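A.B. asks: just need the structure, nothing else, for what follows:
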Amino acid sequence: MQKVAFDEDRCKGCELCIEACPVNIIYLGDHLNAMGYHPAQVLDQGKCIACAFCARMCPDAAITVWKEGAK
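C.D. replies: Next comes the predicted model:
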């Protein structure tokens, strides 16, 4: 189940989410988004703890986090 999603076209690759992630599952992708930046992506959704630190750090509100069982 997906716990974190990145709006790749809004991401400017600032890496703040990478630094904020306590389980180190976020990285910058190899491809470029519509703005010409390498967008953030998740390595393993299963390791995500849905802490939302990444979403809180994102200056562009490009990250959405879901907690299991939340509606």
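
A.B. asks: what segments of the chain are helices?
C.D. replies: With DSSP state H as the criterion, the chain has helices at 16-20, 53-57.

A.B. asks: closest one to residue 40 among those?
C.D. replies: Nearest to residue 40, of all the helices of the chain, is helix 16-20, at 5.3 Å by C-beta to C-beta. Yep, even glycine has a C-beta here, placed from its N, CA and C like the rest.

A.B. asks: check which helices and strands the closest one is in contact with.
C.D. replies: strand 26-28, helix 53-57 (3 or more C-beta pairs under 8 Å, 6 or more residues apart in numbering; DSSP states H and E).

A.B. asks: what's the straight distance from one end of stretch 23-38 to the other?
C.D. replies: 21 Å (C-alpha to C-alpha, to the nearest Å).

A.B. asks: roughly how far is stretch 22-38 from the heart of the chain?
C.D. replies: Its chain's C-alpha centre and that of stretch 22-38 lie 8 Å apart, by C-alpha atoms, centre = their mean, to the nearest Å.

A.B. asks: any idea of the mean pLDDT for it?
C.D. replies: Averaged across stretch 22-38, the pLDDT comes to 96.

A.B. asks: list the buried residues of it.
C.D. replies: 25, 26, 28, 33, 37, 38 (16 or more other C-beta atoms under 10 Å).

A.B. asks: switch those over to TSV; also include distance to residue 12.
C.D. replies: Output for those, formatted as TSV (distance: C-beta to C-beta, whole Å):
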residue	distance to residue 12
25	20
26	14
28	11
33	9
37	5
38	9
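
A.B. asks: surely residue 51 meets residue 22?
C.D. replies: Yes - when contacts are counted by C-beta atoms under 8 Å, residue 51 is listed as touching residue 22 (6.4 Å).

A.B. asks: got CSV for the helices of the chain, with distance to residue 4 and mean neighbour count too?
C.D. replies: Below are the helices of the chain laid out as CSV (distance: least, C-beta to C-beta, whole Å; neighbours: other C-beta atoms under 10 Å):
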stretch, distance to residue 4, mean neighbour count
helix 16-20, 9, 18
helix 53-57, 7, 18
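
A.B. asks: now these in TSV, with distance to residue 47?
C.D. replies: Formatted as TSV, the helices of the chain follow (distance: least, C-beta to C-beta, whole Å):
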stretch	distance to residue 47
helix 16-20	14
helix 53-57	13
